[in-house]
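J.: Got a predicted model here, sequence first, then my questions.
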Amino acid sequence: MIKKLFLSLCLLSLSVAGISQSFSIEGTLLGQANKAVYLIDFKGENRSIIDTVYTDMSGTFSIPMTEDMEKGMYLLGTPEGQMIELIFHNESIQFVASGSGEDQQVQIISSIENMIYYDYLYSKGAYLYKNELLHPIIQLYPADETFYQQALDTYRNNQEELKERLRSLGTENPGTLASRYIAADAPLFFDPTLEEAALNAFQKTHYFDQVDFNDSILIRGSILTSKIVDYLTLYQFGVNSQEELENQMLRAVDTIMLKAEIHQSVYEFVIDFVVNGFTSIGFDKGLEHIAQQSKLEQFCVNSERKKELESRLDLVRKLAVGKTAPAFETTSVSGENIVLNDIKAKKTILVFWASWCPHCDAILPVLKDWYAQYTREELEVVAISVDDHAADYNEALDTYNFDWINVGNLKGWDGPVIMAYGIAATPSIFILDENKSIIGKPNSVSQLNEMMAP
């Protein structure tokens with residue numbers, strides 16, 4: 001009873017009317033004297049530095065926080081890549097950290113929220129270490145052996161111990177942000193005797209059982225995005241072709257979108273994360289599927305993120321295979337006026353590239369070989385650079401010796417043609433027919449060769 005009363009008092013807001021209460025994050029990074037420490041706004045893959053301080057000779061630093069700052073997970077980072085997750089919920093935080101990566105140890109000195117959260121993290125880590133060692137033994141060891149039963153009993157006892165720890169952390173600490181993060185992050189418990197296919201099916205069905213998609217606090221941090229990535233990975237099991245893998249990914253995306261649509265902010269966050277991920281790997285089929293299945297229009301609040309996403313998805317729909325490519329007029333490096341619709345070739349390839357892009361180094365020579373095999377009436381290539389430095393761009397042109405149409409506005413990602421096509425990664429390739437309809441969007445050498453083959 002005393003513990004619960006103490007916790008309630010610690011979490012009580014003490015704000016005075018018209019006055020913003022001040023808090024702080026005070027930490028010591030052992031062995032890190034005179035080092036920069038970044039306070040990072042932390043929303044999945046979207047991270048931005050909001051404050052920078054420096055440690056003293058002992059590795060100690062202090063960052064001011066106020067009660068009007070957004071509540072939830074923040075990151076502390078260093079130039080060397082050390083990252084520490086902390087929950088801010090109107091209380092000052094003190095901690096000591098040593099090591100980095102998997103060897104990092106964080107000791108919370110003050111902050112109820114972070115004591116709870118790190119208690120969970122260490123309990124989960126110990127559980128996963130032990131049971132990930134035991135699971136293959138249970139799968140492979142003869143079931144009629146005594147050691148098998150001992151391993152199985154130990155595995156199940158470990159599960160029950162963590163379940164009980166999760167129950168106690170939740171019931172003893174109601175109203176904390178930590179308890180909400182823990183509920184979403186908790187590992188999925190399963191029968192270790194399940195065969196691989198049955199286990200995969202169980203995981204697909206129950207993976208999000210403890211994730212409350214109606215809880216917008218999950219936007220802050222990486223728990224929700226990590227869950228999404230792991231869930232998508234489940235759908236790679238047993239696939240035998242790229243087409244089958246893509247279709248399985250679409251099934252996974254449908255499940256994720258359906259679960260997230262109960263809360264606008266969470267839905268927008270999830271769609272943004274998946275769209276960014278699919279864009280980065282060139283999964284156009286996935287992007288087009290999301291654009292067609294999106295339920296953004298059902299939400300009443302016209303948030304900035306909603307407007308941005310609707311604009312991006314509208315562009316995805318416009319750039320889908322079968323659609324007419326956006327018309328443009330620009331100037332080549334030789335000074336020639338280039339109008340897309342005036343190009344009379346049976347096929348036109350638009351390739352967006354950059355001098356600094358290593359993947360471009362792999363695919364552009366292949367495209368150059370194809371270009372050499374056709375006449376200009378059969379094939380034309382318009383290569384549009386996202387470079388913004390003339391010296392780098394011109395050096396690349398000299399090196400490659402391209403004799404197709406080269407466009408380099410030297411405006412980086414803000415070039416007019418680049419923006420019209422929503423280019424976010426290089427290389428991006430569009431194959432157009434004689435009517436300028438999009439007939440292919442290869443994102444690899446093998447796909448380019450397949451689409452160009454007679």
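T.: In hand now; what should we look at? Numbers count the residues shown, from 1 in each chain.
J.: avg pLDDT for the helix ranked longest in the chain?
T.: In the chain, taking DSSP state H as the definition, the longest helix is helix 112-140. Computed over helix 112-140, the mean pLDDT rounds to 97.
J.: Show me what counts as buried in that helix.
T.: Under the neighbour-count criterion of 16 or more other C-beta atoms under 10 Å, helix 112-140 has 112-121, 123-124, 127, 130-131, 134, 137-138 buried. For glycine as for every other residue, the C-beta is placed from the backbone atoms N, C-alpha and C.
J.: Also stretch 188-196?
T.: 189, 192.
J.: if you average pLDDT over that stretch, what comes out?
T.: On average, stretch 188-196 scores 97.
J.: again with stretch 144-157
T.: Here stretch 144-157 scores 97 as its mean pLDDT.
J.: so where's the stretch 1-150 of the chain uncertain?
T.: Counting by pLDDT under 70, the stretch 1-150 of the chain contains low-confidence ranges at 1-20.
J.: Sketch out the strands for it, chain order is fine.
T.: Along the stretch 1-150 of the chain, counting by DSSP state E, counting those that start in this stretch, strands occupy 22-29, 36-43, 46-54, 60-66, 72-77, 83-88, 93-98, 105-110.
J.: The longest one to strand 72-77, inter-axis angle?
T.: Which is strand 46-54. Interaxial angle, strand 46-54 versus strand 72-77 (axes from the mean of the first three to the mean of the last three C-alpha atoms, to 10 degrees): 60 degrees.
J.: the helices in the stretch 301-450 of the chain, which residues?
T.: For the stretch 301-450 of the chain, helices defined by DSSP state H, counting those that start in this stretch occupy the ranges 304-318, 358-372, 390-400, 416-420, 445-452.
J.: now for the first one, which elements pack on it?
T.: The one in question is helix 304-318. helix 264-281, helix 284-293 (3 or more C-beta pairs under 8 Å, 6 or more residues apart in numbering; DSSP states H and E).
J.: distance between it and the chain's centre?
T.: 18 Å (C-alpha atoms, centre = their mean, to the nearest Å).
J.: Return the set of buried residues in it.
T.: Applying 16+ other C-beta under 10 Å to helix 304-318 flags 306, 309, 310, 312, 313, 315, 316, 318 as buried.
J.: so who does residue 107 touch?
T.: Counting by C-beta atoms under 8 Å, 6 or more residues apart in numbering, residue 107 touches 95, 96, 97.
J.: just the angle between the helix or strand hosting residue 160 and helix 112-140, please?
T.: Assessed by DSSP states H and E, residue 160 sits inside helix 146-172. For helix 146-172 against helix 112-140, the angle by the same axes, to 10 degrees is 160 degrees.
J.: Could you check the angle the helix or strand that helix 146-172 is followed by makes with helix 112-140?
T.: Going down the chain from helix 146-172, the next helix or strand is helix 177-185, by DSSP H and E. Orientation check (the same axes, to 10 degrees): helix 177-185 against helix 112-140 gives 20 degrees.
J.: What is helix 177-185 packed up against?
T.: Here helix 177-185 touches strand 83-88, helix 112-140, helix 146-172, helix 223-234, going by 3+ C-beta pairs under 8 Å, 6+ apart.
J.: Throw these into JSON lines and include distance to residue 253, thanks.
T.: Conversion of those to JSON lines gives the following (distance: least, C-beta to C-beta, whole Å):
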{"stretch": "strand 83-88", "distance to residue 253": "27"}
{"stretch": "helix 112-140", "distance to residue 253": "27"}
{"stretch": "helix 146-172", "distance to residue 253": "29"}
{"stretch": "helix 223-234", "distance to residue 253": "8"}
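J.: how about those, which one is nearest residue 396?
T.: Across the helices and strands packed on helix 177-185, residue 396 has its closest neighbour in helix 223-234 (34.1 Å, C-beta to C-beta).
J.: what about the nearest residue to residue 80 once chain neighbours are set aside, neighbour count?
T.: Take residue 80 and drop its neighbours on the chain: the residue closest to it by C-beta to C-beta, 6 or more residues apart in numbering is residue 100, 7.1 Å away. Look at residue 100: counted by other C-beta atoms under 10 Å, it has 16 neighbours.
J.: Enumerate every residue touching the closest residue to residue 40 other than its chain neighbours.
T.: Nearest non-adjacent residue to residue 40, counting by C-beta to C-beta, 6+ apart: residue 75, 3.9 Å away. Applying C-beta under 8 Å, 6+ apart to residue 75 gives the contacts 38, 39, 40, 42, 47, 83, 84, 85, 86.
J.: And residue 60, by the same measure?
T.: Contacts of residue 60 by C-beta under 8 Å, 6+ apart are 26, 27, 28.
J.: related to what we said a few turns ago, name the residues linked to the residue nearest to residue 40 by a beta bridge.
T.: Counting by DSSP bridges, residue 75 is bridged to residue 40, residue 85.
J.: Quick check: the gap between it and residue 391.
T.: Look at residue 75 and residue 391: by C-beta to C-beta, to the nearest Å, they are 36 Å apart.
J.: Next: residue 413.
T.: 19 Å.
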